[in-house]
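**Student:** this one's structure only:
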């Protein structure tokens with residue numbers, strides 16, 4: 001029996017988020033009492049896939065998880081969200097990924113990620129999902145999965161005419177071979193500088209144009225509460241302001257942006273219109289606790305748009 005068709009395929013990382021709430025960042029050698037602790041679903045790829053599915057896109061994940069309680073958590077989440085799991089590989093020789101997260105009183109956070117079984121995701125698992133990738137409209141990934149997996153997925157996607165979206169977090173040096181296969185790159189203001197090899201205080205415009213020159217089709221820089229800015233070769237930047245909301249925490253905001261963007265692009269919306277929906281979705285996401293709880297539905301995003 002063939003797998004259900006998907007509009008968006010996500011080369012997905014999965015982590016169980018172990019979230020502690022502390023008043024401020026912890027100094028080296030210091031111990032702080034946390035006000036709360038919870039375990040919740042996470043991983044940039046999984047988060048983006050959930051955000052995408054909640055925007056109404058038929059979504060599938062390619063992932064590698066452990067055969068353990070955290071792996072069972074992943075499968076339960078994806079099935080509950082209507083995400084196709086045909087190309088999820090479960091293994092006995094590695095644990096599922098874990099992210100240790102500190103959330104501060106101002107809503108910001110720090111994260112340490114152990115990828116676990118996800119570190120073994122590569123071209124083999126992606127190639128096994130060739131039919132799903134070749135028949136979808138958008139393929140998205142992040143830098144939480146091995147670059148070999150993303151390269152293979154984007155190679156197949158490009159050959160099939162699908163749009164590729166890369167959230168380059170955690171930030172790292174990216175080969176030109178990969179950038180040349182990225183239609184839309186979605187770094188934040190720190191990531192765009194690091195990936196471009198620019199100084200920490202270098203103008204964002206310069207960093208974005210450097211990545212365009214290396215082959216990226218478009219660079220869409222997320223700016224937190226300030227919104228986002230779109231850069232394309234031969235065109236003036238397009239800036240979109242953020243929305244004023246009461247921030248509970250920012251976990252998963254960037255993933256929500258990417259997932260909502262992919263969902264909109266899969267429906268054929270122009271990039272400028274898709275980024276409007278992505279900004280609204282991300283702004284709604286920060287009003288809830290954790291990566292998943294605040295992620296909005298398509299109806300919630302529609303309700304915030306004019307007309």
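**Tutor:** Sure thing, it's come through. This structure is a prediction, so every number in the text was calculated from the model and none was measured. Residues are numbered from 1 along each chain as shown.

**Student:** only C-alpha atoms for contact and neighbour calcs from this point on.
**Tutor:** Will do.

**Student:** in the protein, mark out all the strands, start to finish.
**Tutor:** Along the chain, the stretches classed as strands by DSSP state E are 8-11, 15-21, 36-42, 59-66, 84-91, 97-103, 109-114, 138-142, 163-167, 184-185, 219-222, 228-231, 238-240.

**Student:** comparing those strands, which comes out most buried?
**Tutor:** Each of the strands of the chain was given a mean neighbour count from mean count of other CA atoms under 10 Å, and the largest, a mean of 31, is that of strand 8-11.

**Student:** pairing partners for it, with directions?
**Tutor:** Paired neighbours of strand 8-11 in the sheet (DSSP bridges): strand 59-66 (parallel), strand 138-142 (parallel).

**Student:** any chance of those in TSV with mean pLDDT and distance to residue 250 as columns?
**Tutor:** Conversion of the strands paired with strand 8-11 to TSV gives the following (pLDDT from 0 to 100; distance: least, CA to CA, whole Å):
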stretch	mean pLDDT	distance to residue 250
strand 59-66	98	23
strand 138-142	98	18
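
**Student:** let's have the ones you listed in JSON lines, adding distance to residue 124.
**Tutor:** What follows is the strands paired with strand 8-11, written out as JSON lines (distance: least, CA to CA, whole Å):
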{"stretch": "strand 59-66", "distance to residue 124": "11"}
{"stretch": "strand 138-142", "distance to residue 124": "16"}
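
**Student:** tell me the pLDDT of the residue nearest to residue 283 when sequence neighbours are not counted.
**Tutor:** Taking CA to CA, 6 or more residues apart in numbering, and ignoring the residues beside it in sequence, residue 283 has residue 243 as its nearest neighbour in space, at 6.3 Å. Taken from the predicted model, the pLDDT recorded for residue 243 is 88.

**Student:** need the contact list for residue 243.
**Tutor:** Contact partners of residue 243, counting by CA atoms under 8 Å, 6 or more residues apart in numbering, are 225-227, 279-280, 283.

**Student:** pick out the most distant pair among those.
**Tutor:** With distances taken as CA to CA, the most widely separated pair in these is 226 and 280, at 12.3 Å.

**Student:** that older thread, among the contacts of residue 243, name the ones in helices.
**Tutor:** When helices are assigned by DSSP state H, the members of the contacts of residue 243 inside them are 279-280, 283.

**Student:** residue 226 and residue 280 - which one has more neighbours?
**Tutor:** A direct count of neighbours by other CA atoms under 10 Å for residue 226 and residue 280 places residue 280 higher, at 23 against 13.
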